[in-house]
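Engineer: sequence plus predicted model, see below.
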Amino acid sequence: MIETQALGKRYGDLVAVDGISFKVEPGQVLGFLGPNGAGKSTTMKMVAGFLVPTSGSAKVCGFDVESDSLLARRVVGYLPEGAPSYGEMSVRQFLGFIADVRELPAAVRGKRLDDVIGRLNLEGVLEQPIETLSKGFKRRVGLAQAILHDPKVLILDEPTDGLDPNQKHEVRSLINAMARDKTIIVSTHVLEEVHAVCNRAIIIARGRVLADATPAELEARSRYHQAVSMTARDANAAREALARVVDVAAIEVDAQDGRITAFPKPGKQIFAAVNEVLKERNVAVREIALEGGRLDEVFRSITQAAPAKEVRP
Amino acid sequence: MNMITTLFKRELRSYFATPVAYVFIVIFLVLSSAFTFYLGQFYERGQADLLPFFNFLPWLYLFLVPAVAMRLWSEERKSGTIELLLTLPITMWQAVVGKFLAAWAFIGIALALTFPLWLTVNYLGDPDNGVILASYIGALLMAGAFLAIGSCISAATRNQVVAFILTVVACFVLVMAGHPLVLDAFAAWAPQGLVDAIAGLSFLTHFASISKGVIDLRDLLYFLLMIGFWLYASAIVIDLKKAD
């Protein structure tokens, strides 16, 4: 479990993290979203015990990251941004070193090493110096290091950054497989990732929490939530037909691909009505889809609207 | 203690995983022999001792030890591994001491490899091996003090070249502390007590008295306190600077 209370970090006049409070329970995968420089990494560094908060507190499994720092660090597995590791060591040496520092008992040491090496497919590169590995392998070595001691809490700073689509998929499956009994925080720029691995998302900008909800709830905030989009042979006929639906608030046509989108009035559902009107008027559509909402649009509107709130009289 | 051993082993092994260790050892051996035989006139003096070697050692260390020390923390900061290291369940003290001891052991290995000089002098004559042993201990202590200063300075910057130059300067001032070059800068305005205190900080004075064969508790204490102080300062600097 992770619990932060009004966690803050300032460097002189610069406020990097401005009073962030949240609580993550075992079984939850929390996605940290936010523009660059929003304070995601700083928050994770404080929870992982690298940086000391200047205000507020953070607890990991009940251990305060400041007063019980060693105990807190023992239960955390942390993948720092960029997955740093000692380049001159071989993968086997590096993981062995981590196992020693984590004081894995001799009885489970071999088993744990085999387990993470297998999970992250590192068998083929065990004897290679880490600096000679590709970016994807380096990232996997970083992940292996983080999960080696089977930690209760996992903090992963951009775990899929720089990976190819296959590797991204593998890492996401790995996170999902571990999610059941662990508390996990993942930061990411990739919004599709939120859907793939997180059951909760926090959007941070300028050091503050601007939204804290499930991915589905965030999508529901989108203008596109419950909108109906289609491509039709006769675009004008389709537009006319859509205009007749009572609950349609607006109709937009994409200038590039001619896709027509009808937006509902707040809280209304228009899919059935739109279908009916189209059938009635015999408008032929190539395909039609009900939109769930677009996270990127929600992300933009939340993070870009923020400065207005900070204006003081 | 166990944790320090783990860190120590990793660090020491990493020296030998790159060419750095071998280049350092070869250069150290070549230069120390060159100094001993040519500048120190090892043969011409006709005396069976290692004074020519130990006289030049402080000056050799002045450049070579900072070269080892400069990477201690700057590299960790530059590559980001400091974040990995300090989020492992180890204390700052264990990290500072483990890394320092590994670097010290590495310099000790290089120093031990000068043993052919000792064999030579024993073959040629009948030296006082007690004095030689004391000198070796003194040399190791002095290297440790250089290294601790370097550790602190390397913690303050992520640029290894800057760390190297600043360490050389700081060590130079301490080596020369008993010399008019440094003392004159203080004598003009500082009270006599302070000037004497600065003179007492000189590496050379303490090293010279150990290498006469007398291991005085004060000289021993001087180097150990020096090491302790600078390592303590390293831990503070790392804590302050790790964020940027």
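Structural biologist: Looks like it arrived, so ask away. Numbering: from 1, shown residues only, chains lettered A, B, ... in the order given.
Engineer: tell me the secondary structure at A:Pro84.
Structural biologist: Using DSSP: H, G, I helix; E, B strand; the rest coil, the structure places A:Pro84 in coil.
Engineer: can you report how many residues lie near the closest residue to A:Val245 other than its chain neighbours?
Structural biologist: Spatially, and ignoring its direct neighbours in sequence, A:Val245 is nearest to A:Ala273 (4.8 Å; C-beta to C-beta, 6 or more residues apart in numbering or on different chains). C-beta here means a position set from N, CA and C on the backbone, and glycine is covered the same way. Neighbour count of A:Ala273, defined by other C-beta atoms under 10 Å in any protein chain shown: 19.
Engineer: can you pull the buried residues of the helix or strand harbouring A:Ala273?
Structural biologist: Using DSSP states H and E, the element containing A:Ala273 is helix A:271-280. Using 16 or more other C-beta atoms under 10 Å in any protein chain shown as the test for burial, helix A:271-280 gives A:271, A:273-275, A:277-278.
Engineer: quick one: the helices in the stretch 51-200 of chain A?
Structural biologist: Secondary structure of the stretch 51-200 of chain A, counting by DSSP state H, counting those that start in this stretch: helices at A:69-75, A:91-101, A:106-119, A:135-147, A:165-178, A:191-197.
Engineer: can you check the stretch 201-313 of chain A too?
Structural biologist: Using DSSP H, counting those that start in this stretch, helices in the stretch 201-313 of chain A cover A:215-220, A:235-243, A:271-280, A:295-310.
Engineer: export these to JSON lines and append columns for mean pLDDT.
Structural biologist: What follows is the helices of the stretch 201-313 of chain A, written out as JSON lines (pLDDT from 0 to 100):
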{"stretch": "helix A:215-220", "mean pLDDT": "86"}
{"stretch": "helix A:235-243", "mean pLDDT": "85"}
{"stretch": "helix A:271-280", "mean pLDDT": "87"}
{"stretch": "helix A:295-310", "mean pLDDT": "72"}
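Engineer: residues in contact with the residue nearest to A:Val245?
Structural biologist: Neighbour list for A:Ala273: A:245-247 [criterion: C-beta atoms under 8 Å, 6 or more residues apart in numbering or on different chains].
Engineer: can I get the buried part of those as one ChimeraX selection?
Structural biologist: Applying 16+ other C-beta under 10 Å to the contacts of A:Ala273, the buried members can be selected in ChimeraX as follows:
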select /A:245,247
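Engineer: looking at the contacts of A:Ala273, spot the one nearest chain B.
Structural biologist: Of all the contacts of A:Ala273, chain B sits closest to A:Asp247, with 52.6 Å by C-beta to the nearest C-beta.
Engineer: and the closest residue to that closest one other than its chain neighbours, what's its pLDDT?
Structural biologist: Excluding the flanking residues, the one nearest A:Asp247 by C-beta to C-beta, 6+ apart is A:Lys268, at 3.9 Å. A:Lys268 is assigned 84 on the pLDDT scale.
Engineer: quick check: phi and psi on A:Lys268?
Structural biologist: When read as degrees, to the nearest 10, the backbone of A:Lys268 gives phi -100, psi 160.
Engineer: re the thing from before, just send the helices of the stretch 51-200 of chain A back as a markdown table, with mean pLDDT, mean neighbour count and distance to B:Phe100 too.
Structural biologist: Shown next, in a markdown table, are these (pLDDT from 0 to 100; neighbours: other C-beta atoms under 10 Å in any protein chain shown; distance: least, C-beta to C-beta, whole Å):
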| stretch | mean pLDDT | mean neighbour count | distance to B:Phe100 |
| --- | --- | --- | --- |
| helix A:69-75 | 94 | 19 | 20 |
| helix A:91-101 | 96 | 20 | 17 |
| helix A:106-119 | 94 | 14 | 28 |
| helix A:135-147 | 93 | 22 | 24 |
| helix A:165-178 | 90 | 16 | 37 |
| helix A:191-197 | 85 | 19 | 41 |
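Engineer: mind putting the ones you listed in TSV, distance to B:Leu51 included?
Structural biologist: Shown next, in TSV, are those (distance: least, C-beta to C-beta, whole Å):
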stretch	distance to B:Leu51
helix A:69-75	49
helix A:91-101	43
helix A:106-119	51
helix A:135-147	51
helix A:165-178	63
helix A:191-197	68
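Engineer: would you turn these into CSV with distance to chain B?
Structural biologist: Converted to CSV, the helices of the stretch 51-200 of chain A look like this (distance: least, C-beta to the nearest C-beta, whole Å):
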stretch, distance to chain B
helix A:69-75, 4
helix A:91-101, 4
helix A:106-119, 13
helix A:135-147, 7
helix A:165-178, 18
helix A:191-197, 22
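Engineer: and of those, who's closest to B:Ser211?
Structural biologist: helix A:91-101 (38.3 Å; C-beta to C-beta).
Engineer: give the contact list for the residue nearest to A:Glu252 when sequence neighbours are not counted.
Structural biologist: Distances taken as C-beta to C-beta, 6+ apart place A:Thr261 nearest to A:Glu252, at 5.0 Å, with adjacent residues excluded. Going by C-beta under 8 Å, 6+ apart, A:Thr261 touches A:224, A:227-229, A:251-254, A:291.
Engineer: the residue nearest to A:Asp247 and A:Ala262 touch, don't they?
Structural biologist: No: counting by C-beta atoms under 8 Å, A:Lys268 stays clear of A:Ala262, with 11.0 Å between them.
Engineer: comparing those two, which residue is more hemmed in?
Structural biologist: A:Ala262 (26 against 14).
Engineer: for that one, give its distance to chain B.
Structural biologist: 49 Å (C-beta to the nearest C-beta, to the nearest Å).
Engineer: how about the closest residue to chain A within chain B, what does it touch?
Structural biologist: Relative to chain A, the nearest point of chain B is B:Gly80 (3.5 Å; C-beta to the nearest C-beta). Counting by C-beta under 8 Å, 6+ apart, B:Gly80 touches A:80-82, A:84.
Engineer: for the nearest residue to A:Ile204 once chain neighbours are set aside, report the pLDDT, please.
Structural biologist: Of all residues not flanking A:Ile204 in the chain, A:Gly34 sits nearest, at 3.9 Å (C-beta to C-beta, 6+ apart). A:Gly34 is assigned 88 on the pLDDT scale.
Engineer: do the same with the one 10 residues further on
Structural biologist: On pLDDT, A:Met44 comes in at 95.
Engineer: next: A:Lys59.
Structural biologist: Note for A:Lys59: predicted pLDDT of 95.
Engineer: so who does it touch?
Structural biologist: Taking C-beta under 8 Å, 6+ apart, we find A:Lys59 in contact with A:1-4, A:65, A:72.
Engineer: if we go to 7 Å?
Structural biologist: By C-beta atoms under 7 Å, 6 or more residues apart in numbering or on different chains, the residues touching A:Lys59 are A:Glu3.
Engineer: quick check: it vs A:Gln5, distance?
Structural biologist: 8 Å (C-beta to C-beta, to the nearest Å).
Engineer: neighbours around residue 207, how many?
Structural biologist: All of this refers to chain A. Neighbourhood size, A:Gly207 [other C-beta under 10 Å]: 23.
Engineer: my question was about chain B, not that one.
Structural biologist: 25.
Engineer: for chain B, what is the nearest residue in chain A?
Structural biologist: Chain A approaches chain B most closely through A:Pro84 (3.5 Å), counting by C-beta to the nearest C-beta.
Engineer: which residue packs closest to that residue, ignoring adjacent ones?
Structural biologist: B:Gly80 is the one closest to A:Pro84 (C-beta to C-beta, 6+ apart), at 3.5 Å.
Engineer: repeat for A:Arg119
Structural biologist: A:Leu174 (6.2 Å).
Engineer: now do B:Thr157
Structural biologist: Closest to B:Thr157 by C-beta to C-beta, 6+ apart is B:Ala163, at 5.2 Å.
Engineer: if you count neighbours, what's buried in stretch A:244-254?
Structural biologist: Within stretch A:244-254, judged by 16+ other C-beta under 10 Å, the buried ones are A:245, A:247-248, A:251.
Engineer: quickly check these for the two that are furthest apart.
Structural biologist: The distance between the two most remote of the buried residues of stretch A:244-254 (C-beta to C-beta) is 12.2 Å, for A:Asp247 and A:Ile251.
Engineer: the longest helix in chain B is where?
Structural biologist: As assigned by DSSP state H, the longest helix anywhere in chain B is helix B:129-156.
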